[in-house]
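# Pasting the sequence and the predicted coordinates here, then a few questions.
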Amino acid sequence: MTSVDETRHEAREGASGPLLTMEGIRKTFGSVVALDGVDLTVGRSEVHGLLGGNGAGKTTLMNVLYGLYRPDGGSVVLDGSPVEIRDPRDAISHGIGMVHQNFLQVDTYTVTENVVLGTSLPSWPTVDLKEPAARIAELSERFGLTVDPGARVANLSVGLRQRVEILKALYRGAKVLVLDEPTTNLTPQEVDSLFGSLRAIVDEGMSVVFITHKIRETMAVCDALTVMRDGTRVGTVRRADTSAAELATLMVGDDAAVGRVTEVVTAGMGAAAGTAATGETARDLGDVPARVAVRDLVVLGDHGVPATHDVSFEVRRGEIVGIAGVAGNGQVELAEAVAGVRTLEGGSVDVDGQPLAGRPTAVWLESGVAYVPEDRHRDGILPSASIMENLVLGAQRSVRFRKGPFVDWSAARRHAEEAIRTYSVKASGPSAPAAALSGGNMQRVILARAFSHRPGFLILHNPTRGLDIPSTQFVYDRVREAAAEHSAVLLMSEDLDELTHLCDRVLVLYSGRVVGERTRGHYDQYELGHLMAGLEDTA
Amino acid sequence: MTTTATPPTTTTPVKPAARRGAGLTRSVLSYALAVLLAFVVSGIVIAALGHSPVEAFRAILTTSFKSSFGFIETVQKWVPLVLLTLAFTIPLAAGKYNIGGEGQLLVGATAAAAVGITMKDAPMVVLLPLVLLVGVLAGGVYAWIAAWLMDRFGVNEILSTVLLNFVSFGIVDYVASEVWSDPAAGHPTTVPIGDGGLLPLVGTPPMHTGVLLALLVSAATVVVMRRTVPGYELRAVGTNPRAAQVHGVRIGRVAVGSLVVGGALAGFAGAIEVAGVHGKLIEGMQSNYLLLGIIIGLIARGNALAVPFVAFGIAVLEVGASAMQRTADVPSEMVLIVEALTLLFLLFSDVVGARLRRSSR
């Protein structure tokens, strides 16, 4: 095993060329070309940003490097010598480490046990973890990745679990550390701390590949960046020589399109300075009554333990209210409760003055509640059914699609054709199976369905997760449109930029409680991050 | 939809239709191939047993069509087959497994016989509808026991429906050998039901009118599944129960409903067997309809429109089986092998087809 010290030594002694070169990497899945001859050059001791929208091929390229995918063509040169990587074991032995978006950890194991899992222990065949634990403690101190080696992983927050993943890679002697969208679900404070650690890591002679779709983050931490779009590399620039605007153009491509979607790529960029409040001044809604009143809501989680505690809020006509929070603090339960999908244990939800607690889901739908769930595949679509059938779901008993006991399929088809046009769904027609759609198109179908219910109360949970830039912009436009048409909108998102950008008001959910509230004009991402981490409201 | 269609929409309707045509050709081809292979392999087995495969297959395939008696026997055999298949495929569409078709058939038959015997002097206008209705209700209620256990306590419906089959054997045995036993029969059998409870016969040679009722039920099933709101909700639950629930479908009710309807159809089959074929309750009258129903349902891939046709094919094989035993001296169980092989080859063709599609990309 190559230790960090040896790596540093090699870096000083080693050749002056780049640390990693990937050349002409090509990867196809069936008829889809995911990577079309992509080049990537990562210098020594640099944080190299891999920037692009969803579906640009960033993760695929790094999965090739990590041996999870076999490329159809291209070569990888590491430290001056060509290497062939057949599986992650090869990658690790060549000093490549990767931190995925979903951590694969054994919850009941301690940090040390998780880190050493899969490595050969010096004390084999007995398990003596004293030495590894000391080394982990040393690594975490050196790189500012503070975590207790004896802590059980199940008790750690997302931010700490991520540190464990990084430590895993460092412990295995990574020279190149790949991080896939590492800032998702971190508070701004945690992001700063992560960036600090990344700097410490490159200062020791290693290099970091940082996958992200956020320009602001690349500007904050990267030395160089490669921008990808549609499976190709569109440019590699030094951070010092570029600007956010140039990066936005590279990411989106088409100049004409930039205007339409800049909102997405530049969202939250105002906070780049770090301290200033983001967002313009509050939108004046006038003195309008609340459409939605949620009072003292208590909802049980899947294991029968209360997931929310006395949550109360109101949403006014035309208002967009955001819910911020690190995933797992009761968002799913809250969303399902106010959508009428999950039974309320206590409290009430009134929409347009009508109490809905205890009524069946269908009644909530009829009362104008529309829900865009977080997990499209699990909760949103009927995969083997057609687009047309999917659009009818939830409205199958409404007069629009019904003739006596029969479903009016010709009306459904007309509706589907119109929805495909107005929502720009890329599909062969109303009969195309929903499973064949891309994530963005699937979300368009789900939005078309939600909006066709003429929502009085629209609930969206992570509506842009996994979407490419145009689709994200599309969602933003539609959300604003819904508010403009007097819907009450509740937006739950793991993306603080998205929240501060769209919402009139943001509530912070921590441990199932609303621990703070900020209105437009008073957004400070650090302050929100403070609340998200469960620290006292200082205001 | 007031403006004229834009270019993309005018071209789009063509493509799916063309694809559907190609898909239909492909599936018909795979069916034909599966049947052919099943016959080839079982032919080899028959030859290895020292019999003539040609003679055996001639007996199997021609008995139903050589004489009108054979044909009537085939369509009457088709009735319980198609109804028990629907009893399996309707809950299957909602993702539930009803493996209790024979129990529901027997309970339906028992109830039908009970009414037919106790009210044997009632006129036909009263007795016949009553016999059939009671059979349907009894089958539905019997399936509801399993559905209720599933909905209320989370008891696996596969287990409960299978176990209830054994309970039904006990019920039939008790009724046929204790309550209304016909001592002259030499086998647990009840006395005959009243004449007013028998299904009228039509044509020469006579065919019982239950065949027409079963045709009607099959057609209605197709319409209900494809066109009605309950059918749509049923399919939605089968495709993605979570999504259906999130969008206001009461998945528990749909699942219970599908099992009850399935049981009612099996009960209907039992009533028709009593009122049309036997005129009484006979122990063992369930034959192996449950197993065949599952095989037919799987070969038809749960498609309500395909079920009657596949069921007819299986009925032909079943009727031909005894003729084969007589003329070619091949054990009639060989037909089960043909049926099982057809299903296996069909499933195999799915795997091969998927491989081919993947490699051709």
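Here it is on my side, so go on.

# quick one: the strands in the stretch 101-250 of chain A?
When assigned using DSSP state E, counting those that start in this stretch, the strands of the stretch 101-250 of chain A occupy the ranges A:176-180, A:207-212, A:224-229, A:232-238.

# now these as TSV including mean neighbour count, distance to A:Arg135 and mean pLDDT?
From N, CA and C alone the C-beta is placed, and that goes for glycine too. Output for the strands of the stretch 101-250 of chain A, formatted as TSV (neighbours: other CB atoms under 10 Å in any protein chain shown; distance: least, CB to CB, whole Å; pLDDT from 0 to 100):
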stretch	mean neighbour count	distance to A:Arg135	mean pLDDT
strand A:176-180	24	17	94
strand A:207-212	24	21	94
strand A:224-229	24	31	93
strand A:232-238	17	35	93
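
# wait, which of those strands is closest to chain B?
Comparing the strands of the stretch 101-250 of chain A by their distance to chain B (CB to the nearest CB), the top pick is strand A:232-238, with 20.9 Å.

# helices or strands next to the closest one in the packing?
In this structure, strand A:232-238 packs against strand A:32-42, strand A:224-229, helix A:244-252, with contacts taken as 3 or more CB pairs under 8 Å, 6 or more residues apart in numbering or on different chains; DSSP states H and E.

# Looking at these, spot the one closest to chain B.
Within the helices and strands packed on strand A:232-238, the stretch nearest chain B is strand A:32-42; the backing value is 9.2 Å (CB to the nearest CB).

# Would you tell me what the next helix or strand after the closest one is?
Counting by DSSP states H and E, the next helix or strand C-terminal to strand A:32-42 is strand A:47-51.

# can you give me how far that following strand is from the chain middle?
Its chain's C-alpha centre and that of strand A:47-51 lie 17 Å apart, by CA atoms, centre = their mean, to the nearest Å.

# now stretch A:308-319
So, by CA atoms, centre = their mean, the centroid of stretch A:308-319 is 24 Å from its chain's centroid.

# Worst mean pLDDT among the helices and strands packed on strand A:232-238?
Set side by side, those give their lowest mean pLDDT on helix A:244-252, at a mean of 83.

# Also compute the angle for that one relative to strand A:47-51, please.
Going by axes from the mean of the first three to the mean of the last three CA atoms, to 10 degrees, helix A:244-252 is angled at 50 degrees with respect to strand A:47-51.

# Spell out whether the helix or strand encompassing B:Gly263 and chain A are in contact.
With secondary structure defined by DSSP H and E, B:Gly263 is part of helix B:251-272. No. For helix B:251-272 and chain A, the contact criterion (CB under 8 Å from any CB of the partner chain) is not met; the two come no nearer than 9.9 Å.

# Would you mark the buried spots in that helix?
Neighbour counts using 16 or more other CB atoms under 10 Å in any protein chain shown place B:251, B:254-272 of helix B:251-272 among the buried residues.

# what about B:Gly196, how many neighbours?
Other residues lying near B:Gly196 total 18 when counted by other CB atoms under 10 Å in any protein chain shown.

# Backbone torsions only: list them for it.
In this entry, B:Gly196 is assigned phi and psi values of phi -70, psi -10 (degrees, to the nearest 10).

# just checking, it touches B:Leu127?
Yes. Under the criterion of CB atoms under 8 Å, B:Gly196 makes contact with B:Leu127 at 3.8 Å.

# Now the common contact residues for these two.
B:Lys120 (CB atoms under 8 Å, 6 or more residues apart in numbering or on different chains).

# My read is that A:Leu365 contacts A:Arg397, right?
No. At 9.2 Å, A:Leu365 and A:Arg397 do not qualify as touching, with contact defined as CB under 8 Å.

# which of those two has more neighbours?
Between A:Leu365 and A:Arg397, counted using other CB under 10 Å, the more crowded position is A:Leu365 (22 against 18).

# Now do the same for that one: its pLDDT.
At A:Leu365, the predicted lDDT confidence score is 91.

# and it, that's in a helix?
Yes. A:Leu365 sits within a helix when classified using DSSP: H, G, I helix; E, B strand; the rest coil.

# Enumerate every residue touching it.
Listed by CB under 8 Å, 6+ apart, the contact partners of A:Leu365 are A:340, A:394-395, A:453, B:247-248.

# cool, and A:Arg199?
With contact taken as CB under 8 Å, 6+ apart, A:Arg199 is in contact with A:47, A:221.

# a strand runs through A:Ser75, doesn't it?
Yes. A:Ser75 sits within a strand when classified using three-state DSSP.

# That one: neighbouring residues, count only.
Taking other CB under 10 Å as the neighbour definition, A:Ser75 ends up with a count of 13.

# near chain A, which residues of the stretch 201-350 of chain B show up?
Residues of the stretch 201-350 of chain B lying near chain A by CB under 8 Å from any CB: B:227-233, B:235-236, B:239-240, B:242-250.

# out of those, which are inside helices?
Counting by DSSP state H, the part of those found in helices is B:227, B:229-233, B:235-236, B:239, B:242-246.

# Mind giving me the PyMOL select for those residues, buried ones only?
Provided next is the PyMOL selection string for whichever of these are buried by 16+ other CB under 10 Å:
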select buried, chain B and resi 229+230+231+232+233+235+236+239+242+243+244+245+246
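
# list the contacts for the residue of the stretch 51-200 of chain B found nearest chain A?
Each residue of the stretch 51-200 of chain B has a distance to chain A, by CB to the nearest CB, and the smallest belongs to B:Ala93, at 11.6 Å. B:Ala93 makes contact with B:225, B:234-235, B:238, B:258, B:302 under the criterion CB under 8 Å, 6+ apart.

# before we move on, what about B:Phe57?
B:Phe57 makes contact with B:39, B:43 under the criterion CB under 8 Å, 6+ apart.

# Need the per-residue pLDDT for it.
Residue-level confidence at B:Phe57 comes out at 89, pLDDT.

# Ok, A:Leu391 next?
In this model, A:Leu391 is scored at 94, pLDDT.

# Next up, the contacts around the residue nearest to A:Pro405 when sequence neighbours are not counted.
Nearest in space to A:Pro405, with sequence neighbours left out and distances taken as CB to CB, 6 or more residues apart in numbering or on different chains, is B:Thr228 at 5.0 Å. Contacts for B:Thr228 were tallied using CB under 8 Å, 6+ apart; they are A:405-407.
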